[in-house]
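Trainee: model this:
(one chain, ligands or ions: 1)
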Amino acid sequence: MQTEYRSWRVFEEAGNVQCRQVKRPLDELRKAGGVLVRGVYSGVNFKDALTALNRAKIVRRFPCIVGIELVGIVEQSDDPRFSPGDPVIAHGFGMGAEGNGGFTEWLSLPADQLVRIPSGLTLEEAGVIGVAGYTAALAIDAMQVNGLTLERGPVAVNGATGGVATLAIDMLAGAGYEVHAISRKPDDGLLRDLGAREIHLPPETGKRPLETARWAGAVDSLGGAALDELLRTMRQDGIVAAFGNAMGNGLDTSVLPFILRGVRLLGINANSPMPLRERIWGRIASDLKPQRTSRIARYVGLDDLEQVFQTLIEGQGRGRFIVDLRR
Ligand SMILES: NC(=O)c1ccc[n+]([C@@H]2O[C@H](COP(=O)([O-])OP(=O)(O)OC[C@H]3O[C@@H](n4cnc5c(N)ncnc54)[C@H](OP(=O)(O)O)[C@@H]3O)[C@@H](O)[C@H]2O)c1
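Mentor: Have a look, this model is predicted:
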């Protein structure tokens with residue numbers, strides 16, 4: 001019987017923030033109450049790399065287990081909503097920042113933070129989708145609520161080889177949209193396999209406040225100059241969903257796309273309240289279900305995380321690194 005569990009924790013020691021893998025007694029979790037989850041998968045996100053490499057002040061409580069998501073199986077529960085054997089996913093609610101996160105073999109969480117994985121998804125699919133796919137689906141849902149339809153025209157996805165972007169391409173293409181991927185990396189076939197109709201190198205346009213109108217919708221992982229570029233190239237009444245800052249926090253742009261073309265800029269935050277979470281996970285398991293998750297996933301073990309953090313911070317990932325917590 002397992003008596004210890006492994007996790008990646010960030011510590012603040014003598015003013016220094018450091019992240020490392022540690023072992024702790026499993027009994028401390030069994031006694032903690034809440035819902036005890038046996039971790040199976042935890043996708044690695046850009047934010048996790050920022051945390052682990054101490055590139056941004058994300059953690060608010062030390063020591064803290066890193067990782068903003070976890071997919072696993074309930075082992076024991078003090079809440080009637082969950083029973084042993086239930087497949088669950090947890091993300092948001094401060095995971096990996098204000099409270100413990102997902103790079104761990106076991107985790108105890110409040111029942112209010114758990115979503116039961118819908119029957120239309122396997123544990124493996126949910127592991128690949130994770131918070132990245134949730135964010136992609138939330139962005140697509142928000143664009144549709146604001147009027148994006150197939151007839152309106154192509155949808156651009158920038159930072160296209162990233163975790164959120166690859167899942168957005170898969171979901172949008174599956175829903176029938178004409179997807180144009182924008183990526184700095186040489187084309188290795190991945191983006192077309194996911195359903196991208198065209199692949200573009202950034203940036204393609206000049207610096208005029210309004211450039212040739214190209215996109216009906218756009219999904220932005222990058223912020224900074226890349227988001228400005230999207231805004232200047234949107235069609236009349238185009239809709240941009242912005243959730244990322246991989247290129248920077250700034251946004252230097254003009255109001256002309258908004259006041260002359262009616263462009264709408266939607267802010268997307270994946271830390272949704274539970275009713276929205278359940279509705280979006282329902283869509284991920286049905287009409288927005290990604291079809292090519294096996295093409296997106298690269299499985300690693302807890303021991304590989306240091307290298308993975310470095311790859312993500314350098315913008316060199318393709319698809320998603322998924323920690324198989326049973327390795
Ligand atoms: N608001 C929210 O709730 C929320 C939720 C999830 C994620 N996010 C944010 O969304 C962004 C994407 O997350 P992710 O997990 O998909 O990240 P990721 O897997 O690391 O992908 C980011 C992609 O952006 C491009 N990129 C990275 N660094 C760049 C740079 N310096 N300049 C230009 N392009 C760069 C690369 O794509 P190419 O090489 O193909 O161009 C990279 O693959 C991050 O900023 C993340 O923090 C926010």
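Trainee: Contact distance from the ligand - what residues of the stretch 1-150 of the chain qualify?
Mentor: Counting by Cβ under 6 Å from any ligand atom, the residues of the stretch 1-150 of the chain close to the ligand are 45-47, 131-132, 135. All C-beta atoms are positioned from the backbone trio N, CA, C, and that covers glycine.
Trainee: pLDDT score for the closest residue to the ligand within the stretch 151-300 of the chain?
Mentor: The minimum distance from the stretch 151-300 of the chain to the ligand, using Cβ to the nearest ligand atom, falls at Gly162 (2.2 Å). Note on Gly162: pLDDT of 96.
Trainee: how far away is it from Gly102?
Mentor: The gap separating Gly162 from Gly102 is 19 Å, by Cβ to Cβ, to the nearest Å.
Trainee: okay, those two: which has more neighbours?
Mentor: The residue with more neighbours, out of Gly162 and Gly102, is Gly102; 33 against 25, by other Cβ atoms under 10 Å.
Trainee: show me where the stretch 101-250 of the chain has strands.
Mentor: Taking DSSP state E, counting those that start in this stretch as the criterion, the stretch 101-250 of the chain contains strands spanning 106-109, 114-116, 155-158, 179-182, 198-200, 215-220, 234-242.
Trainee: about what we covered before: pull out the buried members of the residues of the stretch 1-150 of the chain next to the ligand.
Mentor: The neighbour-count criterion (16 or more other Cβ atoms under 10 Å) marks 45-47, 131-132, 135 among these as buried.
Trainee: OK, contacts around Ser77?
Mentor: Contacts for Ser77 (Cβ atoms under 8 Å, 6 or more residues apart in numbering) come out as 34-36, 83-84, 86, 111.
Trainee: Of those - the most surrounded one?
Mentor: Neighbour counts for those were taken using other Cβ under 10 Å; the highest belongs to Val35, which has 27 neighbours.
Trainee: Let me see the contact set for it.
Mentor: Applying Cβ under 8 Å, 6+ apart, one finds that Val35 lies in contact with 74, 76-79, 82, 88, 108-111, 114.
Trainee: Perfect, that will be all.
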